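Novice: output the structure for:
(one chain, ligands or ions: 1)
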Amino acid sequence: MRSFTKSTKLDNVAYDVRGPVLDEAMAMEAAGAKILKLNIGNPATFNFEAPDCIVNEIADKLTASEGYSNSKGILEAREAIVQYTRYKGIEGVTAEDVYTGNGLSELINMCMQALLDNGDEILIPSPDYPLWTATATLAGGKVVHYICDERSDWMPDVADIRRKITPKTKAIVIINPNNPTGALYSRDVLEQIAQVARENDLMIFADEIYDRLLMDGAEHTSIAAIAPDLFVVTLNGLSKSHLIAGYRVGWMSLSGDKESAKSYIEGLNMLSSMRLCSNVPAQRAIKPALANLDATKALLLPGGRIYEQRNAVCDALDKIDGISYVRPRGAFYVFPKIEAKRFNITNDEQFVLDFLRQKHVLLVHGGGFHWEQPDHFRIVFLPPVETLYESMQKLGEFLEDYHQSL
Ligand code: PLP
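Specialist: Below is the predicted model of the structure:
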């Protein structure tokens, strides 16, 4: 009998939809175990609710949203995004330069499909949000990971970026604020990256989905704002800042030297038309969301849930021997380092699996974010403080006598 196999294009794409750790967690749950989940950046899972202004707007406009829209999106949403780019100091973006997407995920894929031919190289951070690496690989590109340096608060190592540029390098991706490290990039580092792009004719992709999720009075700088001469694709969305990941709302804006990217933009337009348009009711969320930038701000201030949960997880980590971390200032992730030698850890996925089996807490290993050393894991601090304390206490207990044996 004929067997249906997946396309060989997917063979090189390292994107674990499930993976052994998640499979095990689901099997344990099915067998009745209660798992503490610190693995997923989905606010709704932890009872964060969508702001009323968004829900009401979508409900009111449902009947007006029945048809396909312009493939880039409804004008009112794209104009609101243009206003937002101005607020961020990005010059020269018009509604024609804006594309809405079913989440940023769809647009990331589109950006990579439009850019990369077989063998073209693209610089992506390590650690990364793994969709970037997966979509670039699927498009036929060769991903070259540059290091973000933990000793410099996880800033991109610009010397490493420079070292890794070849005649085949087409673009550089930055994720700022970063998933999984929670780092917020300094203006100085962004200027250095822009200079590298300028000297080497590189396109820049800036994933800024966490730019409104900042703590401790930190301020975000868009690289497009400080490099108006360069062609930059800035990507953003509402999944995180407005807690509506399920609505699937993202966008991207093109700025800088669009003339040099004429052919690339033609490709984007073609791909945008091929999917007809993004979900129109969800596009209705954009205008009210961007008119209410403070809708979720209280969560990030002292007394707010995300702020207090960040502090709780950091306080608890401070008490665990063998763990260190850089305090995140953005997003809702921390990427702690574990003393791999001390616990004989040579396989970080096994470490996370052993912890899950023994203590029923689910984390993601650093390798899931293209971090090569087996010495990191990611914690999502969206769960309530009690869950975070309980999980970290279990981690401390687990490490008291953990010695990896494979
Ligand atoms: N980019 C980063 C850095 C993310 O962390 C995520 C989701 O976790 C996405 C993009 C995808 O976002 P969306 O829900 O808009 O597809």
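Novice: part of a strand, is residue 122?
Specialist: Yes - using DSSP: H, G, I helix; E, B strand; the rest coil, the assignment for residue 122 is a strand.
Novice: distance of it relative to residue 209?
Specialist: 19 Å (CB to CB, to the nearest Å). C-beta here means a position set from N, CA and C on the backbone, and glycine is covered the same way.
Novice: neighbour count winner among the two?
Specialist: Shown here are residue 122 and residue 209; by other CB atoms under 10 Å, residue 122 has more neighbours (26 against 23).
Novice: which residues does the more buried one contact?
Specialist: Applying CB atoms under 8 Å, 6 or more residues apart in numbering to residue 122 gives the contacts 112, 115-116, 136, 141-144, 169-173.
Novice: could I get those residues as a markdown table with secondary structure?
Specialist: Below are the contacts of residue 122 laid out as a markdown table (three-state DSSP):
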| residue | secondary structure |
| --- | --- |
| 112 | helix |
| 115 | helix |
| 116 | coil |
| 136 | helix |
| 141 | coil |
| 142 | strand |
| 143 | strand |
| 144 | strand |
| 169 | strand |
| 170 | strand |
| 171 | strand |
| 172 | strand |
| 173 | strand |
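Novice: who wins for neighbours among the residues you listed?
Specialist: residue 136 (30 neighbours).
Novice: surely that residue touches residue 118?
Specialist: No - in this structure, residue 136 is not within contact of residue 118 by CB atoms under 8 Å, at 11.9 Å.
Novice: residues near the residue of the chain found nearest the ligand, how many?
Specialist: Closest contact between the chain and the ligand, by CB to the nearest ligand atom, is at residue 103 (2.6 Å). The local packing of residue 103 (other CB under 10 Å) involves 21 other residues.
Novice: so, low pLDDT: which residues of the stretch 51-200 of the chain?
Specialist: Scanning the stretch 51-200 of the chain for pLDDT under 70 picks out no residues.
Novice: tell me which stretches of it form helices.
Specialist: Listed in chain order, the helices of the stretch 51-200 of the chain (DSSP state H, counting those that start in this stretch) span 52-60, 75-87, 103-115, 131-138, 158-163, 187-200.
Novice: list the contacts of the residue of the chain closest to the ligand.
Specialist: 237, 239, 245, 248, 249, 250 are the contacts of residue 103 under CB under 8 Å, 6+ apart.
Novice: the ligand contacts on the stretch 1-150 of the chain?
Specialist: Within reach of the ligand by CB under 6 Å from any ligand atom, the stretch 1-150 of the chain has these residues: 41, 103, 104, 105, 129.
Novice: how about stretch 320-335, does it reach the ligand?
Specialist: No - Stretch 320-335 lies apart from the ligand when judged by CB under 6 Å from any ligand atom; the minimum separation is 7.4 Å.
Novice: using CSV, write out every CA atom in that stretch.
Specialist: The C-alpha trace of stretch 320-335 is given here as CSV (Å, rounded to 0.1, in the frame of the first residue of the first chain):
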residue,chain,number,x,y,z
ILE,A,320,18.7,27.7,44.3
ASP,A,321,22.3,26.6,44.3
GLY,A,322,23.8,26.0,40.9
ILE,A,323,21.5,28.4,39.0
SER,A,324,22.2,31.9,37.8
TYR,A,325,20.3,34.3,35.5
VAL,A,326,20.0,37.7,34.0
ARG,A,327,17.1,39.6,35.4
PRO,A,328,14.7,40.2,32.4
ARG,A,329,13.4,43.7,31.8
GLY,A,330,11.0,42.8,29.0
ALA,A,331,8.6,40.1,27.9
PHE,A,332,7.7,37.3,30.4
TYR,A,333,10.6,34.9,30.2
VAL,A,334,13.8,34.2,32.1
PHE,A,335,16.5,32.0,30.7
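Novice: re earlier: in CSV, list the contacts of residue 103 along with distance to the ligand and pLDDT.
Specialist: Listed next are the contacts of residue 103 as CSV, based on distance: CB to the nearest ligand atom, whole Å; pLDDT from 0 to 100:
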residue, distance to the ligand, pLDDT
237, 4, 97
239, 3, 95
245, 5, 94
248, 7, 97
249, 7, 97
250, 4, 98
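Novice: widest-spaced pair of those?
Specialist: The most widely separated members of the contacts of residue 103 are 245 and 250, with 10.3 Å between them, by CB to CB.
Novice: so which of the two has more stuff around it?
Specialist: residue 250 (23 against 20).
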